[in-house]
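J.: I would like to see how this sequence folds:
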Amino acid sequence: MTTPDRKLPDGPPSHCEFKVFGGLGCRRDGSDVDLGPVRQRIILAKLLAAGGDAVSLDNIIDSVWDERPPASAANQIHRHVGHLRRILEPDLDVRETGRYLLPAGTGYRLTLATEDSDLAMYRELVRRAREALDGGDVVAGVRAYLTALELGRSPAFTDLPASALSAADFVAIERERVAVALAASEVAIAHGMAGTVLTPLLSVAAAAPLDEALQACLMRAYVATGHRAEGVRVFERTRQRLAEELGVDPGPELREAYRELLASGWTLQDEPRPSDAPRPAQLPPPVAGFVRRNDVAAVLDDQLSDALSDATTMITVLGGMAGIGKTALAVHWAHQIAERYPDGQLFLNLRGLDPDGRAMSSEDALATLLASLGEPAVSSLHKDVDAQTARYRSRLSGRRVLVLLDNARDSDQVRPLLPAARGCLVIVTSRNRMTSLVTREGARYLQVDRLTGAESRQLLINRLGTRRATGDPDSLDKIVTLCAGLPLALAIVAARVALNPALPLSAVVSAVSAPSARLDALSSVDSSDDVRSVFSWSYHALNPSTAQVFRALAVHPGPGISLESVASVAGVGRQQARRLLMELVTANLLDESQSGRYVLHDLLRAYAAELLDEDRERPEYERRLIAHYLHSVRAAYARHHRQPVGTVDEPPSDVTPESFDGVSQAAAWYARERSALWAAIDLTLTHGLGRDAAAMVLAASAPGSNSIPAGRTQTVLTILDMVSVLGEPLTEAELLRTIGEVFAPLPQADEYLRRALSIFEGAGDLAGQADVLRNLAVLSLSRGDHDDANAYGERSVILARQTGRQELLAVSLLTLTSARLRSDRFEAGTQAADEGLAIAIAKQLDHLKISYAQLIAESSWRHGRLERAVKMSEWGLAEGVSESNGPRCAVAAILARSAFDLGDQFRAERGCQQFENLIADNGFPELVEFSGVEEAEAYRTMVAYVRARLSLMSGAS
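T.: As a prediction, this is how the structure comes out:
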């Protein structure tokens, strides 16, 4: 990113700003400068770290040379210092010292204003924070600390060699960062502001993973913000690192933070229990090798704390797919809390989805529970459910009992088994979501999801032992991936390895890797410990229509599945599809990740695929899937005000394509469905539908963006070969143009683009020619050929005008604007931008507004037109629509800096706030995708600089 050059010909000497956090950098008169070779950079870093104090020549020499310095070391340092002086002040005479780098004793010192160094600003903000806190102004103190932490969110001088960074003064800066993060966090936590400090604390803690005081502080911040599970993860992660890297256990500070985290804050209120009542203790033994799921356990502990503090009866339902570990989790937690229920623990397997289909009746369940509580058995003729329930609840009256009901079929089976006694706990596990129990009885539902990669790995280590499990780490990681977080699958693999001591993990990987045999590899003699079998129990409980949808889901490439795509594949309407999908969700055979979006677990997908192989309707499912994506992607493309290339048949009556209300919806669909769309294109090729495949490729992303992901070029070349024999030259030309975009800036791009241009010229297609010329302009820009870029851009605009299509003209003008501005033709670029922007506004081309705003604002700022830069930035943020937060982040950063340079602190603050809000919403990865890593970091540094300057100015006033 270039910056404004506001140095006047006869103005003051050069002005430099220095950056140390995240890497050493310098901006002279608003532009980045090259600081020279690494030794030269180390010298400057030493002087910056000293903060204006003198640094001796010996000190500099010790840092510059790892080993014994040469005899000429002092002369080399003097020479490097001379080069640095002329970098900072280019007009400096060879014999002058200038105003930055001054001699001091035997060494040198760097003289800077506070606002010209991020390290100096950081230290000044810390000083002000402490001063405010000493004066009793906690809010101002925390605010100053937070600004300092944002400025120093990364370690200092990260681009210097590790050997140089071991110098005491550089180590001291990192210790300073840790100390400031600790001080800021302790104050914020103590005064109820932990949420403000959590994000910057995370950045510093990530760079100091073995600092126990810092990690303990992070744990307390998580607890204070209600994220206890994350706090537990910090403890476990730090404990493991200490053991692996230092061979020690956690120290007293970390242990104390963990103790505080586990303290629930409630006290047990013991209630007397009848002396004649038996005390059942029926919990099964805990599962061997169990891995604690810290996130789920934290939620369960919170629910328990609430229930005990209110002395109420708590009903917790643990739901999830077959084999996900619901029973193991329930049993483990029940053992952990059993002492809080002094009158005993009841356990009953309700056999809700047993393979024999004989779920336990409520009558039989009540009889078993009553017998466990000392109630005499009654004849089957007197097993009245209501009467049994009354006796059961009477037996539990005044008692604190834990009741674990495993493998429940539905809410009706469980409802008669619920105690009425205050202070009892009921834990229910089920593959059913027990919606009625949650609605009517106020049960707490907790979805048990797949294990994380770390948890899966730990399960295998617990079962096999560290040496066996970790002897082949690559195979271990592959097994973890292939088992997809399903505890039953991991347990089967562990058993197979344990029973065959000579079996290497790599052999298991080979067995589980084959998609067609994956479930075979996860089978066992006992059907209750067989992945395919336990899935089948859930599947066979479905009605025929729902079972058919489950099979059809295997056709969809995933990972996310929309309501409309299911309706299309199954050949049913949206309402029926929604009803059938909800049945699958309720049965925990499918997850609804968000409204109208569904996810099928990897192993359930493998099971569905096996069922699909026996389904005679598979060709119809595939036909409808292809039609769904063909018409959906063309609808998304058209929503961007561009006419899809070629013609296709109308969608079949049994297909429900996606529809879009605006550009933003279409853009979001592109982002979500990209991988599934390309899988559908592969399927289209398998069916030999070259014309449809070409139509899908040509509409595969928003106009003007790269429509071919990495590794997909050969797919498109195959489609190109198929289209070339169909006698559709315009489709062939558009494919050539698309491939040319992908190959830019490689030499092959010219060949494809010029072939496309030749076909469009021969057909007299002006719009196609305009698009190709625009691509050639972009290609020239990427190669630094500004003259060709301008020439192609101007020809593209001329042809676009002749078509009369305003949206095409707006896109061509955008490329011409970029070409002119990047070749320093500011006035001409502004003229093209104004015309294109007027079209975008008139035609409501919202997706182009933000692009024009970014170009105009940044070029205006670069040329000192600060008022227009501010105005354009604000307009773009208010009016523009983009596929991601990336362009908006860039515009917000420009607003912050241009407003600050203009002296408008209010708008600069607003720009900083907008940038920070966007970054918090996954903005930085999208900014990197939009502008590249270096540009993205430059935007973020720009905002941090403005934020720090605003804070300093506020403190001074």
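J.: Give me the distance between residue 41 and residue 157.
T.: Using C-beta to C-beta, to the nearest Å, one gets 8 Å for the distance from residue 41 to residue 157. In this view, the C-beta of every residue, glycine as well, is placed from N, C-alpha and C.
J.: let me fix that: residue 708
T.: From residue 708 to residue 157 the distance is 40 Å (C-beta to C-beta).
J.: Which strands or helices does the worst-scoring helix or strand of the chain on mean pLDDT pack on?
T.: One helix or strand of the chain scores below all others by mean pLDDT, DSSP states H and E: helix 294-310, with a mean of 72. If you count contacts as 3 or more C-beta pairs under 8 Å, 6 or more residues apart in numbering; DSSP states H and E, helix 294-310 packs onto helix 228-241, strand 314-319, helix 326-337, strand 444-447.
J.: Let's test this: mean pLDDT of the second one, rounded?
T.: Averaging the model's pLDDT scores along strand 314-319 yields 89.
J.: Report the angle between it and helix 294-310.
T.: If you take axes from the mean of the first three to the mean of the last three C-alpha atoms, to 10 degrees, strand 314-319 sits at 160 degrees to helix 294-310.
J.: Which strands border strand 314-319, and is each parallel or antiparallel?
T.: Looking at strand 314-319 with DSSP bridges, its partner strands are strand 425-430 (parallel), strand 444-447 (parallel).
J.: hmm, who's touching the last one?
T.: With C-beta atoms under 8 Å, 6 or more residues apart in numbering as the test, strand 444-447 has contacts from 296, 299-300, 303, 314-320, 433-434, 438, 591.
J.: can you pull the buried residues of stretch 243-253?
T.: By neighbour count on 16 or more other C-beta atoms under 10 Å, the buried set for stretch 243-253 is residue 250.
J.: contacts for it?
T.: Residues contacting stretch 243-253 (C-beta under 8 Å, 6+ apart): 210, 212, 213, 216, 235, 238, 239, 242, 258.
J.: Of the residues you listed - the most surrounded one?
T.: Counting neighbours by other C-beta atoms under 10 Å, residue 216 leads these with 26 neighbours.
J.: Can you tell me the closest non-neighbouring residue to it?
T.: In this structure, residue 216 finds its nearest non-sequential neighbour in residue 257, 3.8 Å apart by C-beta to C-beta, 6 or more residues apart in numbering.
J.: What about the one you found, how many residues nearby?
T.: By the measure other C-beta under 10 Å, the count of residues near residue 257 is 25.
J.: Name the residue in residue 708 and residue 157 with the higher neighbour count.
T.: Regarding residue 708 and residue 157, a neighbour count based on other C-beta under 10 Å identifies residue 157 as having more, with 27 against 18.
J.: can you pull the contacts of the more buried one?
T.: Applying C-beta under 8 Å, 6+ apart to residue 157 gives the contacts 20, 23, 24, 45, 49, 164, 165, 170, 173.
J.: now it: how far from residue 102?
T.: 22 Å.
J.: can you check residue 932 too?
T.: With the distance defined as C-beta to C-beta, residue 932 ends up 37 Å from residue 102.
J.: Same question for residue 835.
T.: With C-beta to C-beta as the criterion, residue 835 and residue 102 are 53 Å apart.
J.: Give me the three-state assignment for residue 592.
T.: strand (DSSP: H, G, I helix; E, B strand; the rest coil).
J.: now the residue nearest to residue 241 when sequence neighbours are not counted: how far from residue 245?
T.: Excluding its sequence neighbours, the residue lying closest to residue 241 (C-beta to C-beta, 6+ apart) is residue 209, at 5.6 Å. To residue 245, residue 209 is 9 Å away according to C-beta to C-beta.
J.: likewise residue 168?
T.: 22 Å.
J.: swap in residue 192?
T.: From residue 192 over to residue 245 the distance is 35 Å, taken as C-beta to C-beta.
J.: got it, and residue 100?
T.: According to C-beta to C-beta, residue 100 stands 41 Å off from residue 245.
J.: For residue 783, state which of the contacts of residue 157 is nearest.
T.: Distance to residue 783, by C-beta to C-beta, is smallest for residue 23 among the contacts of residue 157, at 27.7 Å.
J.: and the closest one, which of the three is it?
T.: With three-state DSSP as the basis, residue 23 sits in coil.
J.: what secondary structure does the residue nearest to it when sequence neighbours are not counted sit in?
T.: Of all residues not flanking residue 23 in the chain, residue 159 sits nearest, at 4.1 Å (C-beta to C-beta, 6+ apart). Per three-state DSSP, the local secondary structure of residue 159 is coil.
J.: with the contacts of strand 444-447 in mind, which one is nearest to residue 882?
T.: When these are ranked by distance to residue 882 (C-beta to C-beta), residue 591 comes first, at 29.4 Å.
J.: The closest residue to the closest one other than its chain neighbours pairs with what?
T.: Nearest residue to residue 591, sequence neighbours excluded (C-beta to C-beta, 6+ apart): residue 599, at 4.6 Å. When assigned by DSSP bridges, residue 599 has beta-bridge partners residue 560, residue 591.
J.: My read is that residue 599 contacts residue 560, right?
T.: Yes - counting by C-beta atoms under 8 Å, residue 599 does reach residue 560; the two are 6.1 Å apart.
J.: Next, the contact list for the nearest residue to residue 211 once chain neighbours are set aside, please.
T.: By the measure of C-beta to C-beta, 6+ apart, the closest residue to residue 211 outside its immediate chain neighbours is residue 178, 5.8 Å from it. Residues counted as contacts of residue 178 (C-beta under 8 Å, 6+ apart) are 204, 208, 211, 214.
J.: Which among the residues you listed count as buried?
T.: Among the contacts of residue 178, those buried by neighbour count (16+ other C-beta under 10 Å) are 204, 208, 211, 214.
J.: Quick check: the gap between the second one and residue 687.
T.: Right, the one you point to is residue 208. Distance of residue 208 to residue 687, given as C-beta to C-beta: 56 Å.
J.: And residue 105, by the same measure?
T.: Distance of residue 105 to residue 687, given as C-beta to C-beta: 81 Å.
J.: Quick check: mean pLDDT of the one helix or strand residue 551 maps to?
T.: According to DSSP states H and E, residue 551 maps onto helix 544-553. Here helix 544-553 scores 92 as its mean pLDDT.
J.: quick one: that helix to chain centroid distance?
T.: Helix 544-553 sits 32 Å away from the centroid of its parent chain (C-alpha atoms, centre = their mean, to the nearest Å).
J.: Show me what it is packed against.
T.: Where contact means 3+ C-beta pairs under 8 Å, 6+ apart, helix 544-553 is packed against helix 563-570, helix 574-586, helix 602-613.
J.: of all those helices, which lies closest to residue 852?
T.: When those are compared by C-beta to C-beta, helix 563-570 sits nearest residue 852, at 33.0 Å.
J.: Quick one: work out the angle between the closest one and helix 544-553.
T.: Put simply, helix 563-570 runs at 100 degrees to helix 544-553, going by the same axes, to 10 degrees.
J.: State the pair within the contacts of strand 444-447 that is farthest apart.
T.: By the measure C-beta to C-beta, 314 and 591 form the most distant pair in the contacts of strand 444-447, at 25.1 Å.
J.: Tell me where the stretch 101-250 of the chain has strands.
T.: Listed in chain order, the strands of the stretch 101-250 of the chain (DSSP state E, counting those that start in this stretch) span 101-104, 107-110.
J.: Please save the CA atoms from the last one in PDB.
T.: Taking C-alpha atoms only, strand 107-110 is exported to PDB below (Å, rounded to 0.1, in the frame of the first residue of the first chain):
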ATOM      1  CA  GLY A 107      28.300   4.800  20.500                       C
ATOM      2  CA  TYR A 108      25.100   6.400  19.200                       C
ATOM      3  CA  ARG A 109      21.600   7.300  20.200                       C
ATOM      4  CA  LEU A 110      18.400   7.900  18.300                       C
END
